[in-house]
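**Student:** Compute the structure for the input listed below.
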Amino acid sequence: MNTFDLTPLFRSSIGFDRMQRMLDNAARGVDAGNSYPPYNIESLGENAYRITMAVAGFHEDDIEVTVTDNVLTVSGALQEEEAEGAFLHRGIARRSFERRFNLADHIKVSEAGLVNGLLHVDLVREVPEAMKPRKISINACAGNVKAVEGKAA
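**Tutor:** Below you'll find the model as predicted:
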């Protein structure tokens, strides 16, 4: 089975078509052949996350981090430079890359930094105040309640 039919769930919900696309992409294995650059995703707390990518040989000017429509895109392209000598073995990858991460609602990129060949992208969940749970107080309004007089049936 290649696709999931979530049509019954969408009859009473609005705006979850993005979830359908994500499930379809996961079933197809969109990133199955792309493993460069390697990365880790870690949880730093209840509302904080970090993506760490191994980008050895890249400089801050070679990497671009953008967020568009809840999709974090990290791309890198090296400028060609003249080799000082002839390589007998070239094991450090020098190819361009583009890696995409789907972000949940209310996930924001707080900062990005490059340290010792590792790119760290910090993410924070910022739930708007209007969407946080709030307690509604129940008022006792006994004086305003009208008694219903019943008649015999």
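
**Student:** residues near the closest residue to Gln79 other than its chain neighbours, how many?
**Tutor:** Nearest residue to Gln79, sequence neighbours excluded (CB to CB, 6 or more residues apart in numbering): Asp62, at 7.1 Å. Yep, even glycine has a C-beta here, placed from its N, CA and C like the rest. With neighbours defined by other CB atoms under 10 Å, the count for Asp62 comes to 15.

**Student:** Now Asp62: phi and psi?
**Tutor:** Torsion angles at Asp62 (phi, psi; degrees, to the nearest 10) stand at phi -90, psi -10.

**Student:** For it, list the residues it contacts.
**Tutor:** Counting by CB atoms under 8 Å, 6 or more residues apart in numbering, Asp62 touches Gly76, Ala77, Leu78, Gln79.

**Student:** And the pLDDT for the closest residue in space to Met131 that isn't next to it in sequence?
**Tutor:** Ranked by CB to CB, 6+ apart and with sequence neighbours excluded, the top spatial neighbour of Met131 is His106, at 7.7 Å. His106 carries a pLDDT score of 86 in this model.
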